[in-house]
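Participant: Sequence first, then the predicted structure, then my questions.
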Amino acid sequence: MVAAPPGVQSYEKLGEDSHLKDNPKRDRLLLLGLDAAEWRLIRRWATGGLLPTFRRLMDEGASGEFHSTAAQFPDTAWPSLITGLNPGRLERYFYIQLVPGTLRLRRVTDVALSSPPFWDLLSHAGRCVGVLDAPHFAVSEKLHGFQLAYWHVHDATSHPTTSVPASLMGEVLSRYGRHPVGDCGPVSARRARGLAKLRPRLLAGIRLRGQLIRDLMRRQDWEVLLAVFSEAHCAGHLYWHWFDEDNPAHPEADPLGLAETLLTVYQAIDAEIGAAVEQAGLGVTTFVFAAHGMGPLYHATWNLQEILDLLGYGASPPAALQVRTGHLNPYRLLRVGLSGALQYRLKSMLPKRLQDDLVSKWYAGNRKWAGMRAFTVPNGDAVGAIRLNLRNREPDGTVRPEEYDAVCDDLAKALLELQAPDSDYPVVRQVTKPRELFHGPFLDQLPDLAVLWNTEQPWNELESPRFGRLRLRNQDIRTGTHTPRGFVIARGQGIPAGAQFVGHSILDLAPTFLVAAGVAPPTSMDGRPLPLFSSRRGL
């Protein structure tokens, strides 16, 4: 732990029962997160006058795009941002992971995350903290302040709504009820009428969340308040092809007026952020940010194992050059073919063990990985993930430890050779080795290669100089997926108006929030605070 600079308290030096009344009055900090909101859209629409709150905050403060761990593991974006830790130090990188020492998959819930969120460090330092719907994090029982968890976050139906104090949940549910959207997982991007019914619920949910935020701001004590809007996440997954005219799935006709949904959702969030900022007042330092973004879904993740097989890393020798049509996972066909409501109804009738087994099959099919040199593991759709069948790590491993780097390098080279047919457009944007980027006690559970697909233009076929052409068939119910673009807008005393952030990571935000609240970040964090407050806080 580094010594605290003048004007900044070290959280390790304060007892858990330190209280606001024992400390001098401090500036307030308002943190407003947007789950999977795309910076390129916000910047374009704000510049064009369509998002006036964003435009004003950008003009009056500093802003910029941030690198995100979503380039390797999209599900770690929020946990890494909130803890300031890289994925190698997190127990969970995806909700379906290998059971250590086996070739079986298991469900890993948010409960597995044990590293403290930044608000625990603030609370320990005596700051009065409020938290609303931070993705992937349950309530902190000893929080100095208040927290409402899982009122509505994207894709977290297995976690009940909880609060600190316990009475807060009852008050919120009595006054506001449940979020109007509930779970958007059963909704398919392929069914326009379902999307038309979802849209007013999304907008109602944004308005209700804005009211709840302002109500908590008025009725609760707080020095630092974090609230996250989840609605952009659902909207981006499901409405992208309606908004994106270059998308192959973009409909020619739009009788239900769905093309404006994405903009309308962002405008509704813009309005609620504006109302929260206005209520907070001029003396409050404000951060608006996202851990990752959203863009079109062009990928070959569901056929990545087939690609490994064709390259000779499966159970068979390399394939000859020819044109092929990609395999279909029958379990994914069920997911695409059945209505979402029916899927979830049938799934809920199964025992928990069979539900988890079904989810595993959506990602892996009936594949048996024994005997392969490399195999794919679940990581969502935006980024494919490959694990070597490494001797002394996997049961019956086939790759010797001394071959590890050579195998990784050859696979990376082969994947980077993949192009859209009859063009020089690479369908793989980058292949990274997590071992070269990250560190920590959970590094061994991470995949050995992360394959970020290129989504700058549409493609549904790929070509390799090693095995020929592979035509892909649609196995998705969504048309939007995550991008590795986070962002932050910061406005407050001492923050230069119109300044641009360049070259920063989402790992830098947790330590920045601590410094902004006058608490020195621990040296154990992987990120470093942004140089925003040196003149004001003696840093």
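Facilitator: Received the coordinates, thanks.
Participant: How about residue 36: what's its closest non-neighbour residue?
Facilitator: In space, and not counting its chain neighbours, residue 36 is closest to residue 233: 3.9 Å by C-beta to C-beta, 6 or more residues apart in numbering. In short, each C-beta sits where N, CA and C put it, glycine included.
Participant: tally of neighbours for residue 370?
Facilitator: By other C-beta atoms under 10 Å, 13 other residues sit near residue 370.
Participant: ok, back up a step: number of nearby residues for the residue nearest to residue 36?
Facilitator: Close neighbours of residue 233, defined as other C-beta under 10 Å, add up to 24.
Participant: give the contact list for it.
Facilitator: For residue 233, the contact set (C-beta atoms under 8 Å, 6 or more residues apart in numbering) comprises 35-36, 154, 294.
Participant: Which ChimeraX command selects the buried ones in those?
Facilitator: In ChimeraX syntax, the buried subset of those is picked out as below (16 or more other C-beta atoms under 10 Å):
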select :35,36,154,294
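Participant: all strands of the stretch 351-500 of the chain, in order?
Facilitator: If you assign secondary structure with DSSP state E, counting those that start in this stretch, the strands in the stretch 351-500 of the chain sit at 374-376, 383-388, 428-432, 449-453, 461-464, 468-471, 480-483, 485-491.
Participant: In CSV, list the contacts of residue 233 along with secondary structure, pLDDT and distance to residue 104.
Facilitator: Rendered in CSV, the data for those read as follows (DSSP: H, G, I helix; E, B strand; the rest coil; pLDDT from 0 to 100; distance: C-beta to C-beta, whole Å):
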residue, secondary structure, pLDDT, distance to residue 104
35, coil, 98, 31
36, coil, 97, 30
154, coil, 88, 27
294, strand, 98, 32
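Participant: any idea which of the contacts of residue 233 is the one closest to residue 367?
Facilitator: Lowest distance from residue 367 to the contacts of residue 233 (C-beta to C-beta) belongs to residue 154, with 27.9 Å.
Participant: Next, the contact list for that closest one, please.
Facilitator: Residues near residue 154 by C-beta under 8 Å, 6+ apart: 35-36, 135, 184, 230, 233-234.
Participant: Turn the residues you listed into CSV, including distance to residue 83 and secondary structure.
Facilitator: Rendered in CSV, the data for those read as follows (distance: C-beta to C-beta, whole Å; DSSP: H, G, I helix; E, B strand; the rest coil):
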residue, distance to residue 83, secondary structure
35, 17, coil
36, 19, coil
135, 12, coil
184, 26, coil
230, 19, coil
233, 20, helix
234, 24, helix
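Participant: any chance of those residues in a markdown table, with distance to residue 115 too?
Facilitator: As requested, the contacts of residue 154 are arranged in a markdown table below (distance: C-beta to C-beta, whole Å):
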| residue | distance to residue 115 |
| --- | --- |
| 35 | 20 |
| 36 | 22 |
| 135 | 15 |
| 184 | 28 |
| 230 | 22 |
| 233 | 23 |
| 234 | 27 |
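Participant: And the most far-flung residue of the chain relative to its centre, how far from residue 312?
Facilitator: Using C-alpha atoms, centre = their mean, the residue of the chain lying farthest from its centre is residue 320. It sits 38.5 Å away. Here the criterion is C-beta to C-beta, to the nearest Å. By it, residue 320 lies 11 Å from residue 312.
Participant: Could you do residue 195 as well?
Facilitator: Separation of residue 195 from residue 312 (C-beta to C-beta) stands at 43 Å.
Participant: which one of these two has more residues nearby?
Facilitator: Taking other C-beta under 10 Å, residue 195 and residue 312 do not tie; residue 195 has more neighbours (21 against 17).
Participant: Find me the pLDDT at the more buried one, would you?
Facilitator: At residue 195, the model reports a pLDDT of 95.
Participant: next structured bit after the host helix or strand of it?
Facilitator: Mapping residue 195 onto the secondary structure by DSSP states H and E places it in helix 192-219. Tracing the chain C-terminally past helix 192-219 and defining elements by DSSP H and E, one meets strand 224-229 next.
Participant: pLDDT (mean, whole number) over that next one?
Facilitator: Across strand 224-229, pLDDT averages out at 98.
Participant: got it, and stretch 161-171?
Facilitator: For stretch 161-171, the mean pLDDT works out to 96.
Participant: Ok, stretch 115-131 next?
Facilitator: Across stretch 115-131, the average pLDDT comes to 98.
Participant: List the buried residues in it.
Facilitator: Neighbour-count burial for stretch 115-131, with 16+ other C-beta under 10 Å as criterion, is recorded at 115-131.
Participant: cool, and stretch 77-94?
Facilitator: Of all the residues in stretch 77-94, those buried under the rule 16+ other C-beta under 10 Å are 77-90, 92-94.
Participant: Same check on stretch 53-69?
Facilitator: By neighbour count on 16+ other C-beta under 10 Å, the buried set for stretch 53-69 is 53-58, 60-66, 68-69.
Participant: now, which of the residues you listed sits nearest residue 513?
Facilitator: The shortest separation between residue 513 and any of the buried residues of stretch 53-69 is 13.6 Å, and it belongs to residue 66 (by C-beta to C-beta).
Participant: which ones are touching residue 147?
Facilitator: Contacts were defined as C-beta under 8 Å, 6+ apart; by that measure residue 147 touches 119, 129-132, 139-140, 163-164, 168.
Participant: Which residue, neighbours along the chain excluded, lies closest to it?
Facilitator: Once chain neighbours are set aside, the closest to residue 147 by C-beta to C-beta, 6+ apart is residue 131, at 4.1 Å.
Participant: so the one you found sits in a helix?
Facilitator: No: secondary structure assignment places residue 131 outside any helix; it is strand (DSSP: H, G, I helix; E, B strand; the rest coil).
Participant: Beta-bridge partners for it, please?
Facilitator: According to DSSP bridges, residue 147, residue 226 are recorded as the beta-bridge partners of residue 131.
Participant: Could you tell me how far it is located from residue 116?
Facilitator: Applying C-beta to C-beta, one obtains 13 Å for the distance of residue 131 from residue 116.
Participant: what do you get for residue 213?
Facilitator: The spacing between residue 213 and residue 116, counted by C-beta to C-beta, is 24 Å.
Participant: With distance to residue 416, mean pLDDT and mean neighbour count added, can I get the strands of the stretch 351-500 of the chain in JSON lines?
Facilitator: Written out in JSON lines, the entries for the strands of the stretch 351-500 of the chain read as follows (distance: least, C-beta to C-beta, whole Å; pLDDT from 0 to 100; neighbours: other C-beta atoms under 10 Å):
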{"stretch": "strand 374-376", "distance to residue 416": "15", "mean pLDDT": "95", "mean neighbour count": "26"}
{"stretch": "strand 383-388", "distance to residue 416": "13", "mean pLDDT": "97", "mean neighbour count": "24"}
{"stretch": "strand 428-432", "distance to residue 416": "6", "mean pLDDT": "98", "mean neighbour count": "18"}
{"stretch": "strand 449-453", "distance to residue 416": "9", "mean pLDDT": "98", "mean neighbour count": "24"}
{"stretch": "strand 461-464", "distance to residue 416": "10", "mean pLDDT": "98", "mean neighbour count": "20"}
{"stretch": "strand 468-471", "distance to residue 416": "16", "mean pLDDT": "98", "mean neighbour count": "17"}
{"stretch": "strand 480-483", "distance to residue 416": "19", "mean pLDDT": "97", "mean neighbour count": "26"}
{"stretch": "strand 485-491", "distance to residue 416": "21", "mean pLDDT": "97", "mean neighbour count": "25"}
